[in-house]
Every structure is written in C-alpha cells, then in structure tokens.
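Colleague: Show me how the following folds:
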Amino acid sequence: MTDINYIPAEEALKIVKPGDRVYIHGGAATPVWLVEALQNRHHELYDVELVSITTLGKVNFDRPEHRKSFFVNSLFVSKATRSVANSDDGDYVPIFLSQIPLLFRRGILPLDVALIQVSPPDAHGFCSLGTSVDIARAAVDTAKYVIAQVNPLMPRTHGQGFVHMSKINAMVWHKDELPEVNYGNDVTPVIEKIGYNVASLVEDGATLQLGIGSIPDQVLKNLTNHKNLGLHSEMFSDGVIPLIESGVIDNSLKKINVGRSVTAFLTGTRKLYDFVNDNPGVRVMEINYVNDTAIIRKNPKVAAINSAIEIDLTGQVCSDSIGTYQFSGIGGQMDFIHGASLSEGGKPIIALPSQTNKGISRIVPFLKEGAGVVTTRGHVHWVVTEYGIVNLFGKSLKQRAKALINLAHPDHRETLERAFYNRFEKV
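Modeller: Okay, the predicted model is just below:
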C-alpha cells in the first residue's frame, strides 16, 4: 500500500464544525494527537459535543479556554473527564456498556465525526482498531466522517476491529507510544488478601471476567495452580499473560470461542500490546457481543470479578458515584454479574476493601444520598473483603446485613450493628 494519502491533523480536523457531535476512541487507543489538534481549534468552534468512554494519555478536557467550545458528554467517566463531567460543561449518560452501540446505531446519539486510532493498513488495505474495539466498531460504522490517527505502534488485533481504509475519510500518520497502565503497582496487604479470597472461589475450568484495577490483577497471581481456565472479559491487562503462556488459561472448556481469549478492550503496558499483536489466540470484539448476557452464560462457571465504591447492608452495590459526584460509570458490571449468575456454576463476585484509605467503611447502613445503584440487591451474589467471603443469594434482609457486618472492618462493626438494631429490631 504505497499510494496512501496521509494529511496533517490540522487539515483533517477542519471538517469539524460548530454543533457537531464527535466520538473519541477510548482506552489505550485514545487518539491524543487528533484530540489536541481539535482542541487547538477552540477559538473557532462552539457547541461541539465530545462523546467517549474512558480516555487515556495526555489529554485534558477541563481547560477554561475550552469550556465554550466543547461539551463533554461521558458514556463512562474517567480521570480525564471527571471534573468536567461534574460541571456545567459536561454530563454523564447512565447506560450499560453493552448498550452504548445502540445509541449510535439507532440514531439516539448520531455521530458527525469519529476520531480513532488504528494500525497501518495491511497489504489488503485493512487497518485494525487494535486495543479497543468495544464501542468504536459502532462509531466507525455509523459516523458521517471518520478520521484515523495511523500509528505503527498500535497492535493489529484479531476479531471485529478490522476497518478498510476506504471507510476512513482522512488518515493522519503519527507514531507515538500508547498510554500504559500498570495495575500491579497498587498492591497492598489488604489487596493481597482480597485477591487470595477471591481466587479461592475460582474453580478449575472456570471462565474469567475481570474488572479494572489492582484487585483483579492480584486474583490472577493466585491462579497459577489452576487448570483449564477460560477468558471472556470486557477487558484484561498484563496479569493474564503469564497464565496464558503457562497454559493455565487455555480456553479449552469454553462452549463458545473455544481456544481463544475474548475481550473488548485491552489496557496495560507495552508488553501486553506486543503480546496481542497479530495473536490469533486473542479476539478483540464489539462490546455488545462480549457483554451480552446470552453470550456470557454459554460458557461454564463464569467467575465475574468486579469491585465497588460502597455496599449497603441490604446488598445494594454502588460502583459509579460518591454521593452525587459522578466518579466512573455503570460500565459492564451488571452485564457480567447477571451473565455469570445465568452461567452453569457461575459466580458473580463483588470484591472491595472493607474501608477506604482514609478509614471510612465501604460497608454502610445506607448508600450516600445521591449515590447510584449499579448492581441491585436482587442481582448481588458473592461479596468479598479482606475479612472473608459471603454469598447473599437467597438470604433475607436481616441475614444479608449480619453477613456483611462480618465482612466489615472491626473498627466499624459496632456502628453497623447499631444500625442493624435500629432498622430491624428496634420497636
């Protein structure tokens, strides 16, 4: 492919006009070069709506000079968008990750422009969405105009992420290292204990789903003696590499995508990006496929491992907000909690430290005013802290409360027991 017409980012971004809705590719695929070029036009733009899930890299959406030009409408709030999403110049759409593609395909959030990052085209003209197919597939398929940052350091992944260059309206060549995240740097004795406790629930032959952060990474470190594990997860990071290379994760007992690890996006270090490059053992797929409960439930013993900000004594799980402050999003937690519960031998797991770094209990009598319930008390099953494991499925309100109090930090159990008495026993 020698006749490709690459153009400067500044020229490509001229297509964006006031009032447009612009999609930004997320995760490690965040096209930082294109985003910066768009932001440099702030003086001539207004009312441009930016939609995305988690963005990574050196992008800042909260500059005062951009406030009148760009409105940040987050589909999953992340560090880069958190402050503006909680301001007058941004907002958040509560939605299951699996259903975001419907917003684009059904014209509920029609896209004028999609900014993506891809691998260079192969001999047949196909680029790859690389580390993040998730909602990007639907964005590329439906946007009126597609601008691609073509990066030779973007891995070419197998699955549903191939985009022919004829479908891309403007191509900008820019070589740059992908954003990296190393969840293994956040390990504490508490996280180590939680990882051990969660791993004790995982049986040989289980299919793993892992949320984001240090807890899932620590769980993986405790699975080295397991056998015939599968991987079907909305995301994964570096922690799976040793288990795949050693054969612990071989996907041999899965009922769908046998022999292949399935994900929708990848976030980690360069080691991970090199590992998945042109690796037929890893399929990076659309989020509405990966997170479809009808797909999830087909695999055996799905162990869905997710975390939370706080959980009340009845089992309501808040994972997206701190009171009225929008911290993250609904994401795929409910997709997998419900999907795992429908899987034969499945175990939906919520794992969290018993208290915050400031000593505030995460197990509470009531969720904070304004907090969002991501996993309802009707969906919650296993809950794990550093103090143990309980299964709330089938338990009454009183039984749940007593079980959760035993998982709380000892410093807070008296307060929780008092709350239990006032709610359930006081006449």
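
Colleague: From now on I want contacts and neighbour counts done on CA atoms only, so please keep to that.
Modeller: Fine.

Colleague: any idea where the helices of the stretch 1-150 of the chain begin and end?
Modeller: Taking DSSP state H, counting those that start in this stretch, the helices of the stretch 1-150 of the chain run over residues 9-12, 32-39, 82-85, 100-105, 136-142.

Colleague: Residues touching the fourth one, excluding its own?
Modeller: Contacts of helix 100-105 from elsewhere in the structure, counted by CA atoms under 8 Å, 6 or more residues apart in numbering, are L75, I108, L109, P110, L111, I135, A138, A139, T142, I287, N288.

Colleague: 6 Å instead?
Modeller: Helix 100-105 is contacted by residues L109, P110, I135, A138 when judged by CA atoms under 6 Å, 6 or more residues apart in numbering.

Colleague: what are the C-alpha coordinates of that helix, in PDB please?
Modeller: Output in PDB follows, covering the C-alpha atoms of helix 100-105 (Å, rounded to 0.1, in the frame of the first residue of the first chain):
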ATOM      1  CA  ILE A 100     -23.800   2.000  24.100                       C
ATOM      2  CA  PRO A 101     -23.500   0.900  20.400                       C
ATOM      3  CA  LEU A 102     -27.300   1.100  20.300                       C
ATOM      4  CA  LEU A 103     -27.000   4.900  20.900                       C
ATOM      5  CA  PHE A 104     -25.100   5.200  17.700                       C
ATOM      6  CA  ARG A 105     -26.800   2.600  15.500                       C
END
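
Colleague: on that earlier part again, looking at the contacts of helix 100-105, spot the one nearest P410.
Modeller: I135 (42.4 Å; CA to CA).

Colleague: That closest one: neighbouring residues, count only.
Modeller: 27 (other CA atoms under 10 Å).

Colleague: R362 - nearest residue in space that isn't next to it in sequence?
Modeller: E310 (4.4 Å; CA to CA, 6 or more residues apart in numbering).

Colleague: which ones are touching the closest residue to P94 other than its chain neighbours?
Modeller: Of all residues beyond its chain neighbours, the one nearest P94 is I330 (6.4 Å), with distances taken as CA to CA, 6+ apart. By CA under 6 Å, 6+ apart, the residues touching I330 are F96, D320, V374.

Colleague: How about M171?
Modeller: With CA under 6 Å, 6+ apart, M171 has these contacts: Y6, I147, A148.

Colleague: Please, a ChimeraX command that selects the buried ones among these?
Modeller: In ChimeraX, a selection of the buried entries from these looks like this (16 or more other CA atoms under 10 Å):
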select :147,148
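
Colleague: Please pick the buried ones from the contacts of helix 100-105.
Modeller: P110, I135, A138.

Colleague: which one of the contacts of I330 is nearest N277?
Modeller: N277 lies nearest to F96 out of the contacts of I330, by CA to CA, at 28.5 Å.

Colleague: unless I'm mixing things up, that closest one is touching G331, no?
Modeller: Yes: using CA atoms under 6 Å, F96 is in contact with G331, at 5.5 Å.

Colleague: So which of the two has more stuff around it?
Modeller: G331 (25 against 19).

Colleague: closest to S396 among the contacts of I330?
Modeller: Relative to S396, and with distances defined as CA to CA, the nearest of the contacts of I330 is V374, at 20.1 Å.

Colleague: Quick check: buried residues in stretch 180-193?
Modeller: So for stretch 180-193, counting by 16+ other CA under 10 Å, buried means E180, V181, Y183, G184, V190, I191, E192, K193.

Colleague: Quick check, pLDDT for G184.
Modeller: Per-residue pLDDT puts G184 at 69.

Colleague: export the contacts of M171 to CSV and tack on pLDDT?
Modeller: Formatted as CSV, the contacts of M171 follow (pLDDT from 0 to 100):
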residue, pLDDT
Y6, 97
I147, 98
A148, 98
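
Colleague: So which of the contacts of M171 are in strands?
Modeller: Among the contacts of M171, the residues falling in strands (DSSP state E) are I147, A148.

Colleague: Would you format the contacts of M171 as CSV with distance to L34 included?
Modeller: Below are the contacts of M171 laid out as CSV (distance: CA to CA, whole Å):
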residue, distance to L34
Y6, 13
I147, 8
A148, 8
